[in-house]
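[1] Below are the sequence and a predicted model for it; my questions follow.
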Amino acid sequence: KHVAELIAAGEVVERPASVIKELTENTIDAGATAVTVEIKHGGITFMRVTDNGCGIAREDVPLAFLRHATSKVSSQEDLSHIGTLGFRGEALASIAAVAHVELLTRTEGELAGTRYLISGGEEEACEDAGCAQGTTFVMRDLFYNTPARMKFLKKDVTEGNASAAVVDHAALSHPEVAFRFLRDGKETLHTPGDGKLKNSVFAVFGREFTQGLIPVKYELNGVKVWGYISKPVASRPNRSMQNFFLNGRYVKSKTAMVAMEEAFKGSLMVGRFPACVLHLQVDFSAVDVNVHPSKIEIRFMNEKPIFEAVYHGVKTALQQEDA
Ligand code: ADP
Ligand code: MG
């Protein structure tokens, strides 16, 4: 049972950034308006995620770390299939299986908060604690008990960059939440949380992107497109500043990327790329989407409406800019 637990955890928790992604999503689900993410040594030795959301009631704390019972987890072969089906309700259980976890939390109605310790899936403490309403998760020594997984980790800076990207994407999908990111004690991101996407874009990308920011707002065939684009500049030699969000989630979509670049045709130059933060809102009844919550790469059953909405949305924005 213990080995199966570790294997399952490995499927969900690949690297520090996967932990940050799950915990950050939980803060949004909890209705937080301010979220602070801290990492040390690329997140491998230390991660802390603090939110001012609804908190977890004392009696629910141990339950939050329980893996949903599944009949599918009977062999390692099966696990690879489950990987494509997702792990709803399994994030905390998985994280707690492969790290030392400390949780501090309090709901609005509780006088005392809860401090809960769990390591390698074993509860170590559950006691009263004075704390503000909301939740703090501290993770120490990720993969301390799975050395094989530990070996696959890249350099601290690479792992740290992956977590930074996760927080950037969260900040860009939720401008109404103030996000802070601290790396080895240094604050590298602070969004205002005032609901204005532009201010999140400024905070995340700074001047490099925001030189000549062009707003996009468009709708075609049940696909809404909005956000910002920026023309190619010499200082942007790759596509790392192209960000697409589908119904509020960061995604990679080849179709959206090609559509956006096609619309720039004429202003494109070799070795220079446009940047974008584009949100797509898709009416699921109008466009059949084959997308799973745990997957970043997405394909649409019918790519055409996505292509056309992005293409014409960007084209229209560029024409208005030039007019
Ligand atoms: P899921 O998010 O799919 O429900 P998780 O394992 O990520 O599963 O979390 C388990 C449960 O723990 C959540 O359903 C929620 O009730 C609670 N929880 C986790 N993080 C937070 C948080 N930051 N604030 C409030 N509740 C939380
Ligand atoms: Mg979750």
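    Thanks, I have it. Remember, predicted model here, so these are calculated numbers, not experimental data. Ligands and ions are numbered 1, 2, ... in the order given.
[2] List of residues touching stretch 113-124?
    2, 5, 55-56, 58, 61-62, 65, 93, 96-106, 125-131, 144-145 (Cβ atoms under 8 Å, 6 or more residues apart in numbering). The way it works is simple: take the backbone N, C-alpha and C, and place the C-beta from them, glycine included.
[3] Of those, select the buried ones using a ChimeraX command.
    Buried subset of the contacts of stretch 113-124, written as a ChimeraX selection, criterion 16 or more other Cβ atoms under 10 Å:
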select :5,55,56,58,61,65,93,96,97,98,99,100,101,102,103,104,105,106,129,131,145
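[4] So which of the contacts of stretch 113-124 are in helices?
    2, 5, 61-62, 93, 96-97 (DSSP state H).
[5] Tell me which of the contacts of stretch 113-124 fall in strands.
    Taking DSSP state E as the definition of strands, the contacts of stretch 113-124 contribute 100-106, 125-129.
[6] Of those, which is the nearest to ligand 1?
    T105 (6.8 Å; Cβ to the nearest ligand atom).
[7] quick one, what contacts the closest one?
    T105 neighbours (Cβ under 8 Å, 6+ apart): 55-56, 61, 113-114, 116, 131, 134-136.
[8] Turn the ones in helices among the contacts of stretch 113-124 into JSON lines, columns for pLDDT and distance to ligand 2.
    What follows is these, written out as JSON lines (pLDDT from 0 to 100; distance: Cβ to the ion, whole Å):
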{"residue": "H2", "pLDDT": "72", "distance to ligand 2": "23"}
{"residue": "E5", "pLDDT": "74", "distance to ligand 2": "18"}
{"residue": "V61", "pLDDT": "95", "distance to ligand 2": "15"}
{"residue": "P62", "pLDDT": "93", "distance to ligand 2": "16"}
{"residue": "A93", "pLDDT": "92", "distance to ligand 2": "10"}
{"residue": "A96", "pLDDT": "95", "distance to ligand 2": "13"}
{"residue": "A97", "pLDDT": "94", "distance to ligand 2": "15"}
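[9] now for those residues, which pair is the farthest apart?
    H2 and V61 (22.1 Å; Cβ to Cβ).
[10] As a markdown table, the ones in strands among the contacts of stretch 113-124 with distance to ligand 1 and pLDDT would be great.
    Listed next are the ones in strands among the contacts of stretch 113-124 as a markdown table, based on distance: Cβ to the nearest ligand atom, whole Å; pLDDT from 0 to 100:
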| residue | distance to ligand 1 | pLDDT |
| --- | --- | --- |
| H100 | 17 | 98 |
| V101 | 11 | 98 |
| E102 | 13 | 98 |
| L103 | 9 | 98 |
| L104 | 11 | 98 |
| T105 | 7 | 98 |
| R106 | 10 | 98 |
| A125 | 18 | 97 |
| C126 | 15 | 97 |
| E127 | 19 | 97 |
| D128 | 18 | 96 |
| A129 | 15 | 96 |
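[11] Now render these as JSON lines, adding distance to E22.
    Formatted as JSON lines, the ones in strands among the contacts of stretch 113-124 follow (distance: Cβ to Cβ, whole Å):
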{"residue": "H100", "distance to E22": "17"}
{"residue": "V101", "distance to E22": "12"}
{"residue": "E102", "distance to E22": "16"}
{"residue": "L103", "distance to E22": "14"}
{"residue": "L104", "distance to E22": "18"}
{"residue": "T105", "distance to E22": "16"}
{"residue": "R106", "distance to E22": "21"}
{"residue": "A125", "distance to E22": "22"}
{"residue": "C126", "distance to E22": "22"}
{"residue": "E127", "distance to E22": "25"}
{"residue": "D128", "distance to E22": "27"}
{"residue": "A129", "distance to E22": "23"}
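[12] Sweet, I'm off.
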